[in-house]
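>>> Need a 3D model of the sequence below.
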Amino acid sequence: MPPTSPRLAYGYLRVLPGLGIDDVLRLQRDLTVFAQEHNFVLADVFVEARWQQLKAWQEVVAHCRIRDVVHVVMPSPEHLHQIPVLAEIMKDEVEREVGGQLWLVEPFEEPTAAEQEVGRE
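Numbering: from 1, shown residues only. Next up, the predicted model:
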C-alpha cells in the first residue's frame, strides 16, 4: 500500500505582546515540525505582525478558498484570543470560515477541578 500523500496546510500566528523575532521564528519552526509530524506540507505561514489586526488572517482565508486548502495550523489558542472560552468559540468560527480544520500545536488545556468549581458559583 503506497504512503498517503501529504496534505497542504497554511500556518498562522499572531505576534502576541512580548514576543520578539526569535520567538516568532521558533513558533514558525514549531508549526513546520507539527505539520510534518501530521503529514501536512506547510505551504506558507502568515504572520499577523500588528496586534488586533486581521490582515494576515484574511489572507489565510483567501488562500484557503482559492487553493482548496482546508487545514490551518496555529501555535496555541492564545493566537485566536487571550480568553480561553472566546478562543474556543473562535476556533469553531475559523473552521467554518475555511471549511476545514484548525490544528493547534499546543491544544486547549482542560480546566482543573478548582477552575470548574469556580465556574459553577
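
>>> switch to C-alpha atoms for all contacts and neighbour counts from now on
Will do.

>>> Residue 67 and residue 43, how far apart?
For residue 67, the distance to residue 43 (CA to CA, to the nearest Å) stands at 11 Å.

>>> who has more neighbours, those two?
residue 43 (14 against 9; other CA atoms under 10 Å).

>>> for the helix or strand hosting that one, which positions count as buried?
Assigning secondary structure by DSSP states H and E places residue 43 in strand 40-48. For strand 40-48, the neighbour count (16 or more other CA atoms under 10 Å) marks 40-42, 45-48 as buried.

>>> residue boundaries of the helices in this structure?
Using DSSP state H, the helices found in the chain span residues 21-37, 55-67, 84-98, 113-120.

>>> tell me which residues of stretch 67-81 are tucked away?
Neighbour-count burial for stretch 67-81, counted by 16+ other CA under 10 Å, picks out 69-81.

>>> can you pull the contacts of the spatially most central residue of the chain?
Of all residues in the chain, the one closest to the mean position by CA atoms, centre = their mean is residue 74, 2.1 Å from it. Residues near residue 74 by CA atoms under 8 Å, 6 or more residues apart in numbering: 11-13, 31, 102-105.

>>> Same question for residue 40.
Contacts for residue 40 were tallied using CA under 8 Å, 6+ apart; they are 6-9.

>>> Tell me which two of those residues sit farthest apart.
Of all pairs drawn from the contacts of residue 40, the widest gap by CA to CA lies between 6 and 9 and measures 9.4 Å.

>>> Please identify which of the two sits among more neighbours.
Neighbours per residue, other CA under 10 Å: of residue 6 and residue 9, the larger number sits with residue 9, 25 against 13.

>>> tell me which residues form a beta bridge with residue 74?
Beta bridges link residue 74 to residue 104 when assigned by DSSP bridges.

>>> Dump the C-alpha coordinates for stretch 27-35 into PDB.
Extracted as PDB, the C-alpha positions of stretch 27-35 are listed here (Å, rounded to 0.1, in the frame of the first residue of the first chain):
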ATOM      1  CA  LEU A  27       6.900  29.400  16.500                       C
ATOM      2  CA  GLN A  28       7.300  29.100  12.700                       C
ATOM      3  CA  ARG A  29       9.600  26.200  13.200                       C
ATOM      4  CA  ASP A  30       7.200  24.600  15.600                       C
ATOM      5  CA  LEU A  31       4.400  24.900  13.000                       C
ATOM      6  CA  THR A  32       6.600  23.300  10.400                       C
ATOM      7  CA  VAL A  33       7.500  20.400  12.700                       C
ATOM      8  CA  PHE A  34       3.900  19.900  13.700                       C
ATOM      9  CA  ALA A  35       2.800  19.900  10.100                       C
END
